[in-house]
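[1] Predicted coordinates and the sequence they were generated for:
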Amino acid sequence: MKTLPLALLAAAGCLALVANTTAAPAQTAPEPDPDTIILSDSLHYDDISKTSTFTGNVVLTRGPMTLRAAKLTTHEDAQGNQFGSATAGQGEHVTIRQENPEKFETLIATGLQADYVGQSGDITLTGQATVTRQICGQAVDNVRGARIIYHQKSGTYEAFGGKNSAASGGRVRSLAQSQSRVDQAIAKCKAGQS
């Protein structure tokens with residue numbers, strides 16, 4: 001399941017707000033970072049602690065990424081390291097969605113909480129955590145657990161079971177479609193656009 005870490009990478013971009021983008025090859029100019037737009041019912045900013053707290057129907061959009069949560073807190077330490085934490089409201093989930101129209105792909109990560117640590121590049125989804133890759137709106141890959149951690153620097157991820165797992169029995173459950181099924185889904189989408 002090589003593709004699932006991309007969903008968590010999208011989560012990093014949303015939570016970091018100003019996370020570094022992947023460097024472009026030397027022969028092309030890097031694309032500018034997209035603007036970050038955050039809608040919320042209220043915002044409290046503390047200049048001394050460099051902390052922003054957005055509450056109530058938070059919708060963060062940065063390029064093709066969207067984060068939805070009840071509350072989003074971001075801060076930066078004295079060394080410039082960034083941290084973010086998004087939490088869900090009662091009976092809801094934090095949802096991070098990444099669109100990739102060129103591949104007909106949508107990556108969706110959900111959990112009760114999503115945390116980002118800029119220095120390590122780790123993104124952690126906690127509580128009923130899921131990461132799903134869709135092609136043309138149909139799920140092709142999925143991981144469910146109590147906690148899913150993506151280690152951005154090493155490009156690896158871990159999923160853990162537990163009492164608050166999104167999978168039955170408190171286990172980790174993963175589903176990966178064969179590449180031929182993914183290719184068929186992409187071909188069907190392309191044919192539908194012609």
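    Received the coordinates, thanks. Numbering: from 1, shown residues only.
[2] so how far is S120 from N100?
    With the distance defined as CB to CB, to the nearest Å, N100 ends up 25 Å from S120. Just so you know, the C-beta spots here come from the backbone N, C-alpha and C atoms, and that holds for glycine as well.
[3] And the helices in this structure, which stretches?
    4-16, 179-193 (DSSP state H).
[4] which one of the ones you listed has the lowest average pLDDT?
    Averaging pLDDT over each of the helices of the chain singles out helix 4-16 as the lowest, with a mean of 37.
[5] how about stretch 51-67: buried residues?
    52-55, 58, 60-63, 65-67 (16 or more other CB atoms under 10 Å).
[6] and H75, how many neighbours?
    If you count neighbours by other CB atoms under 10 Å, H75 ends up with 15.
[7] Please disregard the earlier target; I meant Q90.
    There are 5 residues near Q90, going by other CB under 10 Å.
[8] ok, A146 to F54 distance?
    Distance from A146 to F54, by CB to CB: 26 Å.
[9] Model confidence score at A139, please.
    Per-residue confidence (pLDDT) for A139: 86.
[10] what sits against the closest residue to it other than its chain neighbours?
    Here the nearest residue to A139 in space, its sequence neighbours aside, is T132; by CB to CB, 6 or more residues apart in numbering that works out to 5.2 Å. With contacts taken as CB atoms under 8 Å, 6 or more residues apart in numbering, T132 has the following neighbours: 7, 107-109, 139, 141-142.
[11] Repeat the analysis, applying 6 Å as the threshold.
    Applying CB atoms under 6 Å, 6 or more residues apart in numbering, one finds that T132 lies in contact with 108, 139, 142.
[12] Roughly how far does it sit from V143?
    The value you get for T132 to V143, if CB to CB is used, is 8 Å.
[13] ok, which stretches of the chain are strands?
    Listed from the start of the chain, the chain has strands (DSSP state E) covering 36-39, 42-46, 51-62, 65-76, 82-87, 94-100, 105-111, 113-117, 122-135, 138-151, 156-160, 173-176.
[14] The last one pairs with which strands, parallel or anti?
    Going back to what we said before, that points to strand 173-176. Strands adjacent to strand 173-176 in the sheet, as given by DSSP bridges, are strand 138-151 (antiparallel).
[15] before we move on, back to that, now the contacts of T132 in TSV, with distance to A176?
    Listed next are the contacts of T132 as TSV, based on distance: CB to CB, whole Å:
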residue	distance to A176
I108	16
A139	11
N142	8
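[16] Show me just the buried residues among those residues.
    Neighbour-count burial within the contacts of T132 applies to 108, 142; the criterion is 16+ other CB under 10 Å.
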